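**Student:** got a sequence here, can you model it:
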Amino acid sequence: MMRLSRLAGGLLGLSLMATTAFAAPPTRLVEGWYAHNATLIMLGAQDKIIATVAKPSIMPWMFRLVPSLSKAQPLDPGNLNGEELLRLAPDLVFVTASSHSVAALSKVGLHVVPEGFDRFIGLLECVDSTATLLQTPLATQRAQAYRVAFLKEISQAATNPQGPKVLHVESLKPLRVDGDQSIIDQWIRSAGGRNAAVGVHGNKQPVSVEQVLSWNPDIIIVGANAGDPAQLASDGVWSQLAAVKAGRVYRNPAGIFPWDRYSPELLLQVDWARQIVQTGHVDEAGMIAKMQQFYRQFYGITLRTEDARRMLAALPPE
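**Tutor:** Below you'll find the predicted structure:
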């Protein structure tokens, strides 16, 4: 509880990050990070995205719920060319700090904003700094409201050093898991669990099934796009795990972006994961009501009950 109090206090003390301001709000945005699309959408900037790495095949709910995004030029995330981007005349180019050359893109005259975080505090800083750059009343209002709501959600954290071992699988084939030094690790701990991937650092790390067998997790959470978790019960090795034997294998929900990773929907993930870790199931009706309120308040989206149910089950739009 003491650690949580310090975290909340530190987060409350953060102000909007100082950022170079434009004479007028930017109107032409290039998005080079999958997850940051969701932040721009939350802050009301979806109609300003002129190019993005997001694709309907990868994020179907994003394009279903935000159809204006289909007008943006698709980009290859592994090959952001400065000269080509310059021809789009963007005001801002958002990129991942770890995957792109900020210097190379800046050299041609682009205003580049590197993004990246691995903690709750980093998510809030990202939302705040993006709102500062956008310079609109809606962006400021939603960023402030989101901070309040997120802090309230994590105030219910149930950190337990002796909690169940939780393995988060990013991909089943090839087998990759999420270790510590990641926001996945933080929400597992916030939910009252322990990250089963001991000795694994960072996201999407390749491991062997024998390694998973040695960890013997109590709970397995499979990412929405990781593969079918139902196959584990009939697998000769996976079926030996405590989590599979107990039926505690879950598929992570996905909405505008996968809840388990680096977007504002992490607020929903914290609640969902806490229910999974502590009770073994989710109050579907209560969660759907919370989802509808969340998307209405922070995205201006009226979410149908059936759509919410499909997102909760990690199913794509019908």
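**Student:** confirm that Ala51 sits in a strand.
**Tutor:** Yes. Membership of Ala51 in a strand is supported by DSSP: H, G, I helix; E, B strand; the rest coil.
**Student:** for this structure, what spans make up the strands?
**Tutor:** In order along the chain, the chain carries the following strands (DSSP state E): 29-31, 49-52, 73-74, 92-96, 112-115, 165-171, 176-177, 194-195, 205-206, 219-222, 249-251.
**Student:** tell me the most buried of the ones you listed?
**Tutor:** Per-stretch averages of neighbours, counted by mean count of other C-beta atoms under 10 Å, single out strand 29-31 among those, with a mean of 28. Bear in mind the C-beta positions are built from the backbone N, C-alpha and C, glycine included.
**Student:** give the partner strands of it in its sheet and their orientations.
**Tutor:** When sheet partners are counted by DSSP bridges, strand 29-31 sits next to strand 49-52 (parallel), strand 92-96 (parallel).
**Student:** for the first one, what is the average pLDDT?
**Tutor:** So the one you mean is strand 49-52. Confidence for strand 49-52, expressed as mean pLDDT, is 98.
**Student:** ok, residues contacting that strand?
**Tutor:** Residues external to strand 49-52 that are found in contact with it (C-beta atoms under 8 Å, 6 or more residues apart in numbering): 28-32, 37, 40, 69, 72-75, 85, 88, 90.
**Student:** ok, of the residues you listed, which one's closest to Gly193?
**Tutor:** Closest approach to Gly193 among the contacts of strand 49-52 (C-beta to C-beta): Asn37, at 28.7 Å.
**Student:** the closest one - how many residues pack around it?
**Tutor:** By the measure other C-beta atoms under 10 Å, the count of residues near Asn37 is 27.
**Student:** mind listing what the nearest residue to it once chain neighbours are set aside touches?
**Tutor:** The shortest distance from Asn37 to any residue that is not its chain neighbour, by C-beta to C-beta, 6 or more residues apart in numbering, is 4.8 Å, and that residue is Ala54. Ala54 is in contact with Glu31, Tyr34, Asn37, Met62, Phe63, Leu69, Ala72, counting by C-beta under 8 Å, 6+ apart.
**Student:** hmm, which of these is lowest in pLDDT?
**Tutor:** When it comes to pLDDT, Tyr34 is the least confident member of the contacts of Ala54, at 93.
**Student:** quick check: the gap between the closest residue to Phe150 other than its chain neighbours and Ile276.
**Tutor:** Of all residues beyond its chain neighbours, the one nearest Phe150 is Leu267 (5.2 Å), with distances taken as C-beta to C-beta, 6+ apart. To Ile276, Leu267 is 16 Å away according to C-beta to C-beta, to the nearest Å.
**Student:** the helices in the stretch 51-200 of the chain, which residues?
**Tutor:** If you assign secondary structure with DSSP state H, counting those that start in this stretch, the helices in the stretch 51-200 of the chain sit at 60-65, 82-86, 102-107, 120-134, 137-154, 183-190.
**Student:** now the weakest link among those helices, please, by mean pLDDT.
**Tutor:** Across the helices of the stretch 51-200 of the chain, the stretch with the lowest average pLDDT is helix 102-107; it has a mean of 89.
**Student:** residue boundaries of the helices in the stretch 201-318 of the chain?
**Tutor:** Listed in chain order (using DSSP H, counting those that start in this stretch), the helices of the stretch 201-318 of the chain are 209-215, 242-245, 266-279, 284-299, 305-312.
**Student:** distance between the fourth one and the chain's centre?
**Tutor:** For helix 284-299, the gap between its own C-alpha mean and the chain's C-alpha mean amounts to 16 Å (C-alpha atoms, centre = their mean, to the nearest Å).
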